[in-house]
Every structure is written in structure tokens, then in C-alpha cells.
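1. model this:
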Amino acid sequence: MTLRRKLLLSLLLPAALLGLLWAIGLVSLGLLEAAAGRILADNYQTVQEARQMERALFQLAMAPSSANATDSPSVGHASPSALFEAGLKRCESNITEAGEKDVLKHIRRDWQRLSTMARGSSSKDALVRRTHRRLVSALHADIQRLITLNEHAMRKHERGARRVAWMMRAAVTGTSAAALLALALFALIAARRIARPVTAVADRLHQALNPDTSDQQAPSPKSVDEIARLGEELEALLGRMAQYEDEQTRKLDHLHWRLVFVMDRVFEGLVLIDAERRILALNRVAGALLGEEASEGVTLDAITPSDEVRLVLQPLMEGEVRQERDLGEVRQRVDGEDRIYRPRVVSVPGGEGTIEGHLIVFWDVTEQRRFEESRRQFISMLSHQLKTPMTSLSMAVSLLREALPEGRRVDPAQVELLGIAGEDCSNLAALISELIEAARGVSPDLSLARRKVDIVRLLRSALRPLVSQAEEKEVSLVLPAGDRGVFANIDPVKFPWVITNIVGNAIRYTPAGGVIRVEVEQLDQQLEVRVSDTGTGISPENLTRIFQPYISLDQKPKPGTHGLGLAIAKEIVEAHGGWIEAGSEPGQGTTFRLQVPR
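-> Sure, this is the predicted structure:
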């Protein structure tokens, strides 16, 4: 049996006796209170009202000659008749004893007869006087009966209260004696039962804290205070625990300072926030990006970063940020040098699918942008160098075609070579045009010529040339409905190019009989365009790569398809302050979604 059960069993008897003592006292006090209430609130009140009725009746009997004696009040006081009536009504509303109701009925009957006779007859009539005296005597007798009845009840209740008080004294005395005896027995039993496990615990603690001296005999429990010995062993255990805690604290502090050192030395900005967007930790770069007010314990609402940083943090503030979504780029001067950062948000999962916070990572893409800029300049230079000879070559092939004699037999091989050369010139010209557009577009400084336009009308006009291409492949191209205008401030040249590029890819990868649908939806502060097809779809491993430059999903890329289209489209959408994403299942088609601020 455990020590807890032993103590509980030892406490059970005295606790039951004390509970019984409490219950007896509570019930006895309740009975005494009820008896006193019956005496004071019920019977005593009725006796007092009866005395008042008796005094009022005496006043009426002293002045029988007045015809209005029952109605006329004396100066400054209620009339005897009113006092009698009031006392009678209170007695009628406070009937507590058997027989009291019948007495009050007799009093009410005689009082009504006396009142009627006083108002309707002359007091000089001898018969009236005799009747008056008889009614008054009858009322006096009934009132005395009422008083006697309630006084007898008061004496009965008093005897009951005395019996309850005596019983309560006897019960409390007996229960108290039994409780004291039980407590004395409990003290003896508890001392024995507690001493043994306390000594055993002290021995085990002594052996655990002093393994080298475990063979030595422990102090005898007869000569040593068990509680004091247990206290000493616990003190030693607490000392060991404090020493261990200090050692662990030193290790954690050392690890903390190493992490702080690493966080402050990296070129990326790191900000950890909780679910209430309160900053838990940030490094030096993040402090420079978020402003001077940013520190641990401050919420994102209380800081005043630059406009670019506030713009990229806006989705997080509104609770609409998605994992790994591109939030745009931020240019900031850090450590005396202009740097470019691309923020990402990683959610910190909690229990049961909840989110405990977010980690904001500002990736330093300065070197990457410098490389892209140098590559853009190289491509721009190369494409412009190729454009002039390519134009001359195309003109030469065209002149050779025109120089073929008509009506004379020409070698088919020559005609085939000229056709191939013309087709290659067209493909090379398209490739050079794409390189020039890439050199202009794939850059952080993509310039836009914005103006307010009707998106639906603009896209319908831009996609009209692709309808014939879709019809040649027996693919249905559904344009956005043009029944109402949807306006936004965009670049009317670059933005339609994004949609035509996506639709052109959809036509290329959608088999005959398929459907390509272009939809425009006007949201609160955003404009969403969706392009969905029923084509071959994109595998999950390729879905994350399609927006990277020079990525082609074809095993044998076709002429003019060099993987720059979606990279340029992504740059154009981000330059508008929006985002673009793709969802697909192999064999089920692909859906592109993009949003830009209106």
C-alpha cells in the first residue's frame, strides 16, 4: 500500500467524525433558527396584533354613544375601527396554528355585525346597546382565545428549541471526544507509517548522491531525526541540481552567443515573429531593413520601414501570405553598400495544424542580379550583333527564291534547301527577337509604361491572332467575356505579352479536341487572370522550374523555344507588383494564375 493511501485511510475516520460534527451543528442551528422564527415571526406577531385589536375594541366600548365612533379618527391618529381592521387583516394573513382560522372567522363575523350596527342604528335604543355589549364581549372572548392559542404554541416551540439545544450539546460533545481520540490514534499511526518511507527515501538519496560510500551503514532511525535527515539529503540533491542547471545554462548561453554571432555574420536578413506578429528575434541585416524601431518584443505594426519593405510585408500583415511565394524585391543600403534582397516567408508549425509564427528570410540576391545584368548586357550585345547579318541573310534567301526561273524545271533539292534556309532564317530571327526582349525584360530595372486600360478588351484584342492557330490544331480557345469592363493601371504592351506567351504554350501542348480558357476576375484590390487548358500537364518536379530562365521541358526543344518566355512573364508580373503561379497534374491540364494590383 502506498504512503498516500495509508495517509488517506488514517485521515478517513477523524475526517468523517469532523464532518458528522459539522453536519450535526449545522442541522441543529437550522432547527433552532426555525423554532425562533416560528416564535418571533409567527406567534409573537399574532399576539401583538391581537393586543392591538383588544385595545381598539376597548376604545370602541368606551364610546358607544357616538354614531360615527367606528369611522371618525381622532385628531392625529387612526380611528379605533381602522386599527382593529388592520390588526385583523394581519392576523388573517399570518395563520400558523390549528384552530386559529376558526377563531379569526368568528372575530370577522362579529366585527362585521358590530360595524354594520354602529353605522345603521341609534345608540339610544336599548336593544342596540345590549346587542353592542354582547358583540363586544364575544369579540373580547375570541381575541383572548387567539392570544391563548398562540401563547401555547410559543411555549411548545420553546420546549422544542430546548430539546434541540440539549441534543446538539450532547452530539457535539460526543463527536468532539471521538474526533480527539481518532486524531490521537492517527498521530501515532501516521508517525510510524511516515517514518518508514521517509527513512527509506533518505537512504536511497544518500546512496544515489554518494555511490562510493553505498556499502557503509546508514544512520539508525532511532538515533536520527528522520525528517531532518531527509531534509539534509534533499538539500544535497538540490545542490547537485543547481550545479547541473548552472552547467546547462552556461552551455545554452554559449550556444546562444554562437547562434547570434552566426546570424549577425550572414548576409541574409532573418526575422522570427510569433502568431501576433511580435518580433521574437532578428539579426543585424533585418534590423537595417525594418528600421530603428525594430527590436525584440515590438510588433510589425509599430515599425516604420521603407516603402518597399512595407509593401512586401503587407501580405503578411493582412494574413494572406503563402508559403514560398515571391514577395518581390527590396533595395536597401546596408553596411554602406546598396544591396538587393528577395524576401521569403516560412511558417513555423505548431500543434494540431496551427501556426505558431513565421520566419521572414531576406535573401541577398545582389550578386545574382549583378550576374544577370552582365548576362543581359552580353545577350543584348550579341543579339544586336546578330540582327544585322541575319537580316542580310534573310534578304539573300528571299532574292534567291525570287531568282528561280519560272516555267523551267528546277532541281528539287535546290528548292528544298532554299525552303529549309528560309525556315531557318525565320527561326533564327524569332530567336534573336526573343533574345532582345529577354535582354530588355529579365532585369530588376524593368520599366513599365502604365496607364488605365480595360483588361478584358485588351486581352481579347491581343489573343485574337492566336484563335486561328488554335483552330488549325482543332483546339477551342475561349476568350474572356467582354460584357463589362475591368480596369487597371498596367503596361498595355508588356502585360498582354504575358498572357499571349502562356496561351501560346497552352496551344503547343494541348492535343486536338482540347479547350483553353482565359478568365478575368476583379477582386477587392487585385486583378486575377487565369489561363487553364486540358493539355498534357506538367510533372511536379518540373512545376517549380518552369519560371527559371533557359528551362525547357521538351526532350528535343523546338526552334524558337529556349525557355525564356515564362521567365520574362514572371519578371513582367512582378514588375507590376503582382505574382504568378502554376498548378498542374500530368494528363489533366495546367492552370496559370496571376494577380496584379488594380
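
2. can you tell me which helices and strands whatever helix or strand R376 lives in packs against?
-> Element membership for R376 (DSSP states H and E) is helix 366-402. On a contact count with 3 or more C-beta pairs under 8 Å, 6 or more residues apart in numbering; DSSP states H and E, helix 366-402 meets strand 337-349, helix 412-441. In this view, the C-beta of every residue, glycine as well, is placed from N, C-alpha and C.

3. any idea which of these scores lowest on pLDDT?
-> The minimum mean pLDDT among the helices and strands packed on helix 366-402 belongs to helix 412-441 (a mean of 69).

4. buried ones in the helix or strand that comes right after that helix?
-> Scanning forward in sequence from helix 412-441 by DSSP H and E, the next helix or strand is strand 451-454. By neighbour count on 16 or more other C-beta atoms under 10 Å, the buried set for strand 451-454 is V453, D454.

5. and G482, helix, strand or coil?
-> coil (DSSP: H, G, I helix; E, B strand; the rest coil).

6. could you pull up phi and psi at Q48?
-> phi -60, psi -40 (degrees, to the nearest 10).

7. that one - how many residues pack around it?
-> Neighbour count for Q48, taken as other C-beta atoms under 10 Å: 15.

8. same question for L290.
-> Counted with other C-beta under 10 Å, residues neighbouring L290 total 26.

9. any stretches of the stretch 451-598 of the chain with poor pLDDT?
-> 550-564 (pLDDT under 70).

10. all strands for it, in order.
-> Secondary structure of the stretch 451-598 of the chain (DSSP state E, counting those that start in this stretch): strands at 451-454, 476-478, 487-490, 515-522, 526-533, 579-585, 589-597.

11. contacts only, for the nearest residue to P597 once chain neighbours are set aside.
-> Excluding the flanking residues, the one nearest P597 by C-beta to C-beta, 6 or more residues apart in numbering is G577, at 5.1 Å. When contacts are counted by C-beta atoms under 8 Å, 6 or more residues apart in numbering, G577 is found next to L311, G328, V596, P597.

12. make a ChimeraX selection of the buried ones in those.
-> Restricted to buried positions by 16+ other C-beta under 10 Å, the ChimeraX selection for those reads:
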select :328,596
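
13. from the contacts of G577, which two are the most distant?
-> Spanning the widest gap among these are L311 and V596, at 13.4 Å by C-beta to C-beta.

14. for E233, find the nearest of the strands of the stretch 451-598 of the chain.
-> Per C-beta to C-beta, nearest to E233 of the strands of the stretch 451-598 of the chain: strand 579-585, 65.2 Å.

15. now the angle from the closest one to strand 589-597?
-> Going by axes from the mean of the first three to the mean of the last three C-alpha atoms, to 10 degrees, strand 579-585 is angled at 170 degrees with respect to strand 589-597.

16. tell me the strands beside strand 579-585, with direction?
-> Sheet pairing of strand 579-585 (DSSP bridges) gives strand 589-597 (antiparallel).

17. centre of the chain to the strand it pairs with, how far?
-> Centre-to-centre, strand 589-597 and its host chain are 31 Å apart (C-alpha atoms, centre = their mean, to the nearest Å).

18. quick one: contacts of that strand?
-> 488, 490, 495, 498, 502, 506, 509-510, 514, 523, 525-535, 537-538, 573, 576-584.

19. could I have the buried ones of those residues as PyMOL selection syntax?
-> The following PyMOL line selects those of the contacts of strand 589-597 that are buried, judged by 16+ other C-beta under 10 Å:
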select buried, resi 488+490+495+498+502+506+509+510+514+526+527+529+531+532+533+534+535+537+538+573+576+578+579+580+581+582+584
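
20. what about the helices in this structure?
-> Here the chain has its helices, by DSSP state H, at 3-37, 44-62, 80-92, 100-120, 126-209, 226-265, 284-290, 307-317, 366-402, 412-441, 455-472, 494-509, 540-543, 565-575.

21. and those helices as JSON lines, adding distance to E276?
-> Shown next, in JSON lines, are these (distance: least, C-beta to C-beta, whole Å):
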{"stretch": "helix 3-37", "distance to E276": "42"}
{"stretch": "helix 44-62", "distance to E276": "65"}
{"stretch": "helix 80-92", "distance to E276": "67"}
{"stretch": "helix 100-120", "distance to E276": "73"}
{"stretch": "helix 126-209", "distance to E276": "45"}
{"stretch": "helix 226-265", "distance to E276": "22"}
{"stretch": "helix 284-290", "distance to E276": "17"}
{"stretch": "helix 307-317", "distance to E276": "12"}
{"stretch": "helix 366-402", "distance to E276": "32"}
{"stretch": "helix 412-441", "distance to E276": "40"}
{"stretch": "helix 455-472", "distance to E276": "38"}
{"stretch": "helix 494-509", "distance to E276": "38"}
{"stretch": "helix 540-543", "distance to E276": "34"}
{"stretch": "helix 565-575", "distance to E276": "29"}
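
22. so which of those helices gets nearest I340?
-> Per C-beta to C-beta, nearest to I340 of the helices of the chain: helix 366-402, 4.8 Å.

23. just want the angle from that closest one to helix 565-575.
-> 130 degrees.

24. tilt between helix 366-402 and strand 337-349?
-> 100 degrees.

25. centre of the chain to helix 366-402, how far?
-> Distance, stretch centre to chain centre, for helix 366-402: 58 Å (C-alpha atoms, centre = their mean).

26. mean confidence score for it?
-> Mean predicted lDDT for helix 366-402 stands at 74.

27. and what of stretch 155-174?
-> 79.

28. enumerate the positions of that stretch that are buried.
-> The neighbour-count check on stretch 155-174 (16+ other C-beta under 10 Å) flags H157, G160, A161, V164, M168, A171 as buried.

29. go on, stretch 96-109?
-> Buried residues in stretch 96-109, defined by neighbour count with 16+ other C-beta under 10 Å: E97, E100, V103, L104, I107, R108.

30. between these, which sits nearest E292?
-> E97 (88.5 Å).

31. do you know how far the closest residue to the closest one other than its chain neighbours is from I502?
-> Once flanking residues are discounted, E97 sits nearest to A153: 4.8 Å by C-beta to C-beta, 6+ apart. Taking C-beta to C-beta, to the nearest Å as the measure, A153 falls 102 Å from I502.

32. equivalent analysis for L270, please.
-> L270 sits at a distance of 35 Å from I502 (criterion: C-beta to C-beta).

33. check Y341 too.
-> Using C-beta to C-beta, Y341 is found at 28 Å from I502.

34. how about V518?
-> For V518, the distance to I502 equals 9 Å [C-beta to C-beta].

35. residues that sit against both of these two, list them.
-> Here V518 and I502 have V531 as joint contacts, going by C-beta under 8 Å, 6+ apart.

36. dump the buried residues of stretch 155-174 into a markdown table; add distance to F186 as well.
-> Output for the buried residues of stretch 155-174, formatted as a markdown table (distance: C-beta to C-beta, whole Å):
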| residue | distance to F186 |
| --- | --- |
| H157 | 41 |
| G160 | 37 |
| A161 | 36 |
| V164 | 31 |
| M168 | 26 |
| A171 | 22 |
